[in-house]
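Engineer: Prediction below, plus the sequence it came from.
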Amino acid sequence: MAAASSWNLISTPCLNKAFSASLSCRHSLPSRLTSALFHCGPARTKPFIVKAIFDVKPTVLVAEKLGEPGLQLLKNFANVNCSYNLSPEELCTKISLCDALIVRSGTKVTREVFESSSGRLKVVGRAGVGIDNVDLSAATEHGCLVVNAPTANTIAAAEHGIALLIAMARNIPQADSSIKAGKWQRNKFVGVSLVGKTLAIMGFGKVGSEVARRAKGLGMQVIAHDPYAPADRTRAIGVELVAFDEAVSSADFISMHMPLTPATSKMFNDNAFFKMKRGVRIVNVARGGVIDEEALLRALDAGIVAQAALDVFTEEPPPNESKLVRHENVTVTPHLGATTTEAQEGVAIEIAEAVLGALKGELAATAVNAPMVPAAVLSELAPFAALAEKLGRLIVQLVAGGSGIKSVKVTYATTRGPNDLDTRLLRAMVTKGLIEPISSTFVNLVNADFIAKQRGVRITEERIVLDGSPESPLEYIQVQIANVESKFATAISETGEVKVEGKVKDGKPHLGRVGSYGVDVNLEGSLILCRQVDQPGIIGRVGSILGEANVNVSFMSVGRTAPRKQAVMTIGVDDEPTVDLLKKIGDIPAVEEFVFLKL
Ligand SMILES: NC(=O)C1=CN([C@@H]2O[C@H](COP(=O)(O)OP(=O)(O)OC[C@H]3O[C@@H](n4cnc5c(N)ncnc54)[C@H](O)[C@@H]3O)[C@@H](O)[C@H]2O)C=CC1
Ligand SMILES: O=C(O)C(=O)COP(=O)(O)O
């Protein structure tokens, strides 16, 4: 049966030259999958679009054991090739014939895998949560979507954490081995009680919070450390959010539940063990790499750590001779956190649906590097998406710190009815533009809403319906932030919000209004916005200050209320002016205020 599908991906890659070149070539593939790839622009903030038409069934390579219900779903739509235990070379060979790949934690999806796919691989499905075994940058650079199954194994992992906690505290694995070896050692295996003890949950996400709930049920005092968790979420289940040092120094038990990232890699090192209570007990069902395993061994030998229970290891499987694994105070399981019948069925269905949805061009809710949107919507909205992001990026820089951004309104002026204008992409792009300059978290189009919510930013949308031909999806987009001060008072509208408005002009994002002032500039490079008394010579003076400092002006526009009253000058600059240079502009007597903005 022929399955036709169009496939589209928006992302924000750092495009290098080689990548640009590889994106713009056409691939001639055995499955008659044709792909056309084109850029909307070279910058990392601009989306790129991938479109592929399947005229035969897509092929899905399942490289690790997946639950049967998921396999059945896949088989209804795709050719499914289950090949387990592939060597890295075998995976690279097979991948060039596959449109999607499904893995668990045991397969490393490296840059070489994406390179070997020669552009055919469109989706990688991680049948589980942690995506540290997938090279996300390489995936994005190769226009490949990565989706995961973030919810179905939460309870299994939390239950395994609790199982390890109790088994460790009561020496169950050691006692089991002892009795099977023909011994009866009732005095050797004296355990420790959990009730009343302090458990520090490191990483208060889905698994961490479920472990916390269960530990409270066991009568433990639970504290948590998570730099990104909102305090009201921890408070809701009676858990106190504390700093890292406080968590590790006051805990009797520590349980890891953060992802493995460059920031969490070897977070538990000699320094961290040094701060811990003597006799602390550690559980790790997150990732081996969050612990410096050699440091843990030292801490065990020194008696700082009394016991450890580990489901995960830096290298899996760990070397046979691993001193850590063989340590008498260490309990180990072979990465079993997600391995229950229920979780594996759930994960298989969750990942099969995500991969199939992606192959069909649907918006992927569990995308970890980029979302998918229908082809037609995407190509039509691409320039407006770039505009939306630029407006977000611009307005957030106009806000003066202190009061926090809580309420953002995005207004779309359109001739289209609600069913003919899908604004999800535009809202996500405004959000991305708003959040990225103020957040250390990487924001992609999928997590943008979530991160905004996490930061307490409410984004509302409104339409202004215009008369006219619905040929163009939008006339203009307005973004307003209420209840904040502005660094540039001119940006405050008559109704008191910081406001910017833009449109797409000649296919490019264009700024049309700042506060109540009309302006007329392309949204590219960097901008100086300057309000001055409208009088002869100001433009020339600003121009020569910039010129003398070798700052190249790309464009300039002036909007004014009335002759000789106030005017707003917008200057596009190719180079970043120094603070001293900006001060010179500010020192011009007619200049009332100015702001420098990076787009
Ligand atoms: N052993 C197993 O079989 C399983 C292991 N896992 C591991 O558990 C991890 C957590 O899973 P979920 O709870 O579903 O993910 P999640 O994304 O819901 O939670 C992760 C939490 O870690 C926090 N975090 C990030 N950086 C941190 C840092 N530097 N310090 C403290 N907290 C930090 C995040 O803010 C987030 O709240 C996964 O990334 C995966 O590696 C998950 C499922 C099964
Ligand atoms: O979901 C996760 O992050 C896990 O660690 C589970 O891994 P697995 O799918 O069992 O190899």
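Structural biologist: Noted; the coordinates are in hand. Ligands and ions are numbered 1, 2, ... in the order given.

Engineer: Now for G468, how many residues are close by?
Structural biologist: 9 (other Cβ atoms under 10 Å). (Each C-beta comes from the backbone N, C-alpha and C, glycine too.)

Engineer: Does it belong to a helix, a strand or coil?
Structural biologist: Remark: G468 carries the secondary structure label coil [criterion: DSSP: H, G, I helix; E, B strand; the rest coil].

Engineer: In contact with it: list those residues for me.
Structural biologist: The contact partners of G468, by Cβ atoms under 8 Å, 6 or more residues apart in numbering, come to T415.

Engineer: how close does it sit to V190?
Structural biologist: Distance, G468 to V190, using Cβ to Cβ, to the nearest Å: 82 Å.

Engineer: Equivalent analysis for K598, please.
Structural biologist: Counting by Cβ to Cβ - K598 and V190 are separated by 62 Å.

Engineer: which one of these two has more residues nearby?
Structural biologist: K598 (11 against 8).

Engineer: Who does that one form a beta bridge with?
Structural biologist: Residues found in beta-bridge contact with K598 (criterion: DSSP bridges) are S526.

Engineer: Would you confirm that it contacts D575?
Structural biologist: No. Using Cβ atoms under 8 Å, K598 is not in contact with D575; the gap is 11.6 Å.

Engineer: which ones are touching the residue in the stretch 1-150 of the chain that ligand 2 sits nearest to?
Structural biologist: For the stretch 1-150 of the chain, the residue closest to ligand 2 is G128, as judged by Cβ to the nearest ligand atom, at 2.6 Å. Neighbouring residues of G128 by Cβ under 8 Å, 6+ apart: 104-105, 148-149, 153, 338, 347.

Engineer: Next, work out how far apart it and T340 are.
Structural biologist: Applying Cβ to Cβ, the value for G128 to T340 is 12 Å.

Engineer: Could you list the buried residues of stretch 455-466?
Structural biologist: Buried residues in stretch 455-466, counted by 16 or more other Cβ atoms under 10 Å: 455, 457, 459, 463.

Engineer: again with stretch 592-599
Structural biologist: For stretch 592-599, a neighbour-count test (16+ other Cβ under 10 Å) marks 592-597, 599 as buried.

Engineer: Number of residues surrounding the nearest residue to D270 once chain neighbours are set aside?
Structural biologist: Nearest-residue entry for D270: A295, 4.6 Å, with adjacent residues in sequence omitted and distances by Cβ to Cβ, 6 or more residues apart in numbering. By other Cβ under 10 Å, 19 other residues sit near A295.

Engineer: Check what pLDDT the nearest residue to G205 once chain neighbours are set aside gets.
Structural biologist: Setting aside the residues directly before and after it, G205 is nearest to H257 in space (Cβ to Cβ, 6+ apart), at 6.3 Å. Residue-level confidence at H257 comes out at 97, pLDDT.

Engineer: my read: H257 touches F204, true?
Structural biologist: Yes. Distance between H257 and F204: 7.3 Å, which falls inside the contact criterion (Cβ under 8 Å).

Engineer: and of the buried residues of stretch 592-599, the nearest to ligand 2?
Structural biologist: Using Cβ to the nearest ligand atom, the shortest approach to ligand 2 within the buried residues of stretch 592-599 belongs to L599, at 37.0 Å.

Engineer: rewinding a little: inside strands: which ones of the buried residues of stretch 592-599?
Structural biologist: Judged by DSSP state E, the subset of the buried residues of stretch 592-599 located in strands is 592-597.

Engineer: picking that back up, contacting residues for the residue nearest to G205?
Structural biologist: Contacts for H257 were tallied using Cβ under 8 Å, 6+ apart; they are 161, 201-205, 207-208, 211, 285-286.

Engineer: Quick one: residues contacting G543.
Structural biologist: The neighbours of G543, taking Cβ under 8 Å, 6+ apart as the test, are 553, 556.

Engineer: Figure out the helix or strand that it lives in.
Structural biologist: Using DSSP states H and E, the element containing G543 is helix 538-548.

Engineer: Look at T264 and say how many residues are nearby.
Structural biologist: Applying other Cβ under 10 Å, we find 19 residues neighbouring T264.

Engineer: Tell me the secondary structure at it.
Structural biologist: Reducing the assignment at T264 to three states with three-state DSSP gives coil.

Engineer: Wait, it touches A272, no?
Structural biologist: No. T264 sits out of contact with A272 when judged by Cβ under 8 Å, with a separation of 11.5 Å.

Engineer: And the residue of the stretch 201-350 of the chain closest to ligand 1?
Structural biologist: G205 (1.7 Å).

Engineer: one step back: can you tell me which of the buried residues of stretch 455-466 are in strands?
Structural biologist: Counting by DSSP E, the buried residues of stretch 455-466 contribute 459, 463 to strands.

Engineer: buried ones in the longest helix seen in the chain?
Structural biologist: Under DSSP state H, the helix in the chain containing the largest number of residues is helix 375-398. Applying a neighbour-count criterion of 16+ other Cβ under 10 Å, one finds 375, 377-378, 380-398 buried in helix 375-398.

Engineer: Taking strand 591-598 as reference, get the angle to it.
Structural biologist: Direction vectors for helix 375-398 and strand 591-598, defined by axes from the mean of the first three to the mean of the last three Cα atoms, to 10 degrees, enclose an angle of 130 degrees.

Engineer: In what element of secondary structure is I179 found?
Structural biologist: I179 belongs to helix 172-180, assigned by DSSP H and E.

Engineer: which residues make contact with that helix from outside it?
Structural biologist: 166-167, 185, 188-189, 328, 331.

Engineer: repeat that for 10 Å
Structural biologist: The contact list for helix 172-180 (Cβ atoms under 10 Å, 6 or more residues apart in numbering) reads 163-164, 166-168, 171, 183-186, 188-189, 191, 307, 309, 328-333.

Engineer: Only the buried residues of it, if you could.
Structural biologist: Within helix 172-180, the residues that qualify as buried are 172-175, counting by 16+ other Cβ under 10 Å.

Engineer: same thing with stretch 550-569?
Structural biologist: Under the neighbour-count rule (16+ other Cβ under 10 Å), stretch 550-569 has 551, 556, 558-560, 566-569 buried.

Engineer: Which single one of these is nearest to ligand 2?
Structural biologist: Using Cβ to the nearest ligand atom, V551 is the member of those that lies nearest ligand 2, at 49.0 Å.

Engineer: thought the closest one was touching D580?
Structural biologist: No. Under the contact definition of Cβ atoms under 10 Å, V551 does not touch D580, with a separation of 11.8 Å.

Engineer: residues from this structure in reach of ligand 1?
Structural biologist: With Cβ under 6 Å from any ligand atom as the criterion, the chain meets ligand 1 at residues 129-130, 150, 153-154, 157, 202-208, 225-229, 257-260, 263-264, 285-287, 311-312, 335, 337-338.
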